[in-house]
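Undergrad: test case, fold it:
(one chain, ligands or ions: 1)
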Amino acid sequence: MLITIPDVLTPEQVAQARQILDAADWIDGKVTAGYQSSKTKDNMQLPEGSPAARELGDMILAALSKNPLFLAAALPLRIFPPLFNRYAGGQSFGTHVDNAIRQIPGTPVRIRTDLSATLFFAGPEEYEGGELCVEDTYGVKKVKLPPGHMVLYPATSLHHVTPVTRGARVCSFFWLQSMIRDNGQRSLLFDLDLAIQRLGRDLAGNAVGETTSVQLTGVYHNLLRQWAEM
Ligand code: NI
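TA: Numbers count the residues shown, from 1 in each chain. Okay, the predicted model is just below:
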């Protein structure tokens, strides 16, 4: 399941973030790479825990906590503090899989990375290349989104970023542990949630429709109760 979450940040928030990101000091991105991915990773990152990373990370987490589509699709339990990367001058990240477990820096908390997220700060017209390519069972999906939009995809998937041959690609990336570990179960719950919302809209004021909607909402919550890990 690969899901685009549009307008996570407003244009004003993106503009504010861009000012901070454009003025920031970037370091070699290999600092957060595992052994295997460090061999194919060629980009720059903001230092983890730097004031700029914290300020912008908090902005993203606050926006996500109020985003119904994100909450329904991810059913998040713990979110890793957002990291920031920049690709320019031919930089790329070869095919890799993200580490399964990550410790939140400065804490004993570890998260299982069920979902990976990439939030775009640069417009697609600002750079050439830089597609996020995610391999799934239906083939390779190429993702390049407008600023402020985010993609969520299973952290289990192989993925890569194609070389940025003009301009700069600036993104935030992070992982989250979902209350629902299994991608298939999470997809089912998301589909059911969307269907219930549609039913609510289409049958508003219809007594039979409302009873059905309550029943299906019960099924949703009872599945969530059976499957959720906290
Ligand atoms: Ni990755």
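Undergrad: in which helix or strand would I find the residue most central in space within the chain?
TA: Central residue of the chain (CA atoms, centre = their mean): Ala117, 1.8 Å from the mean position. Element membership of Ala117, judged by DSSP states H and E, is strand 115-120.
Undergrad: the helix or strand following that strand - contacts with which helices or strands?
TA: As assigned by DSSP H and E, the chain's next helix or strand after strand 115-120 is strand 128-129. Judged by 3 or more CB pairs under 8 Å, 6 or more residues apart in numbering; DSSP states H and E, strand 128-129 is in contact with strand 164-166. Backbone N, C-alpha and C define where each C-beta goes, glycine included.
Undergrad: what about the strand it packs on, average pLDDT?
TA: Mean per-residue pLDDT for strand 164-166: 98.
Undergrad: okay, now the sheet partners of that strand, with direction.
TA: Sheet partners assigned to strand 164-166 using DSSP bridges are listed as strand 128-129 (antiparallel).
Undergrad: returning to that earlier point: ok, the residue nearest to the centre of the chain - contacts?
TA: 150-152, 172-176 (CB atoms under 8 Å, 6 or more residues apart in numbering).
Undergrad: type out the ChimeraX command that picks the buried ones from these.
TA: Applied in ChimeraX, the following selects the buried portion of these according to 16 or more other CB atoms under 10 Å:
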select :150,151,152,172,173,174,175,176
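Undergrad: closest one of the contacts of Ala117 to Tyr220?
TA: Closest approach to Tyr220 among the contacts of Ala117 (CB to CB): Leu152, at 19.5 Å.
Undergrad: the closest one and Leu64 touch, don't they?
TA: No. Applying CB atoms under 8 Å as the test, Leu152 and Leu64 come out as separate, 10.2 Å apart.
Undergrad: relative to strand 115-120, how tilted is the top strand by length along the chain?
TA: Counting by DSSP state E, the longest strand found in the chain is strand 168-178. Taking axes from the mean of the first three to the mean of the last three CA atoms, to 10 degrees, one finds strand 168-178 and strand 115-120 inclined to each other by 150 degrees.
Undergrad: low-confidence stretches in this structure?
TA: The model of the chain has no residue with pLDDT under 70.
Undergrad: may I see the buried residues of stretch 55-72?
TA: So for stretch 55-72, counting by 16+ other CB under 10 Å, buried means 56-57, 59-60, 63-64, 67, 69-70.
Undergrad: from those, which land in strands?
TA: Among the buried residues of stretch 55-72, no member lies in strands (by DSSP E).
Undergrad: for the residue lying farthest from the centre of the chain, give its distance to Val214.
TA: In terms of distance from the mean C-alpha position of the chain, Ala207 ranks first, at 38.4 Å (CA atoms, centre = their mean). Distance from Ala207 to Val214, counting by CB to CB, to the nearest Å: 11 Å.
Undergrad: so who does the closest residue to Ile20 other than its chain neighbours touch?
TA: Nearest residue to Ile20, sequence neighbours excluded (CB to CB, 6 or more residues apart in numbering): Ala52, at 5.1 Å. When contacts are counted by CB under 8 Å, 6+ apart, Ala52 touches 20-21, 24, 46, 84.
Undergrad: do that again at 6 Å, thanks
TA: 20, 24, 46 (CB atoms under 6 Å, 6 or more residues apart in numbering).
Undergrad: ok, these vs Asp202, which is closest?
TA: When the contacts of Ala52 are compared for distance to Asp202 (CB to CB), Ile20 wins out at 43.3 Å.
Undergrad: I'd like to know how many residues surround the nearest residue to Ser92 once chain neighbours are set aside.
TA: Once flanking residues are discounted, Ser92 sits nearest to Pro163: 4.1 Å by CB to CB, 6+ apart. Neighbourhood size, Pro163 [other CB atoms under 10 Å]: 15.
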